[in-house]
Each structure stands twice: as C-alpha cells, then as structure tokens.
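>>> The following block contains a protein sequence and its predicted model.
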Amino acid sequence: MQTIRGEGNQGPYSQSVLFGDLVFTAGQIPVIPTTGEIVAGGIEEQAAQAFTNLQAVLNAAGTDFDRVLKVTVFLTDMDDFAGLNRVYQSFFTEHLPARSCVAVAALPRGVKVEVEAIAAKSAN
C-alpha cells in the first residue's frame, strides 16, 4: 500500500491511497491549492474547483478521469443537484463511472460540495 500526502492537508489523512491497481482518493473540496481559500460562488464554481482538485490528486497517483470506477459526491443542498450535474458532465464526457450523490448536514469549511473517487491505476 502506498499513500500520497498532498500539500496543505487539513488533517491527518492522505490525499490518496494506492492498493494494488486501485487508487482511493480523499474527499476534495473547492479549496484553491495555492492560497488555501475556498472558491467563492455557487455550486457550479465550487464543484468545478473540487473536480479540478480531484483531477490533480488522480494525476499525482498516476491515473485520470478516464480510469475512474466510482465517484461519491456529497452536497449540503440537494437543490444543487442540477448544477452539480452540469459541471460533472464537463469532466466526465464519454466515460461515465458509477456514482452516488448524497445530502449531508455540513461539510468542512462550510463548502457546498465534496467529491471522492476510486480509480484504476493507469498502465504506464
């Protein structure tokens, strides 16, 4: 098992864990990596940053969105589901992994969305 710790982690966890050919990511929130600030705006702006952060974690682990098997999305308001889907479709265009989307009472730092994934490691 291999772990990848990202810069600026908010707690005692790894950004991803590699186990065999699988990559398990930590939940990604809409934080700007260079500043640590939360993206201002609504669900679409926040979701875009969360998925951009997820993409960076997947890339650091040697994989990408085309190899994602399962995505879990956490929303603080299910009324944001349509906006989330608009952003989701811009990251997952042809390959559509299995997905769960659940409503939660709150997320870290007051954000609207958090995303995590399980992916297969790229064959490099």
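Yep, it's here. Residues are numbered from 1 along each chain as shown.

>>> From here on, just use CA atoms for contacts and neighbour counts.
OK.

>>> how about low-confidence regions in the protein?
Within the chain, the stretches with pLDDT under 70 are 1-11, 122-124.

>>> hmm, try it at 50
For the chain, the stretches with pLDDT under 50 are 3.

>>> remind me, longest helix of it?
As assigned by DSSP state H, the longest helix anywhere in the chain is helix 43-60.

>>> tell me the contacts of the closest residue to Val31 other than its chain neighbours?
Nearest non-adjacent residue to Val31, counting by C-alpha to C-alpha, 6 or more residues apart in numbering: Ile38, 4.4 Å away. Neighbouring residues of Ile38 by C-alpha atoms under 8 Å, 6 or more residues apart in numbering: 30-32, 109, 111.

>>> how about a cut-off of 7 Å?
Counting by C-alpha atoms under 7 Å, 6 or more residues apart in numbering, Ile38 makes contact with 30-32.
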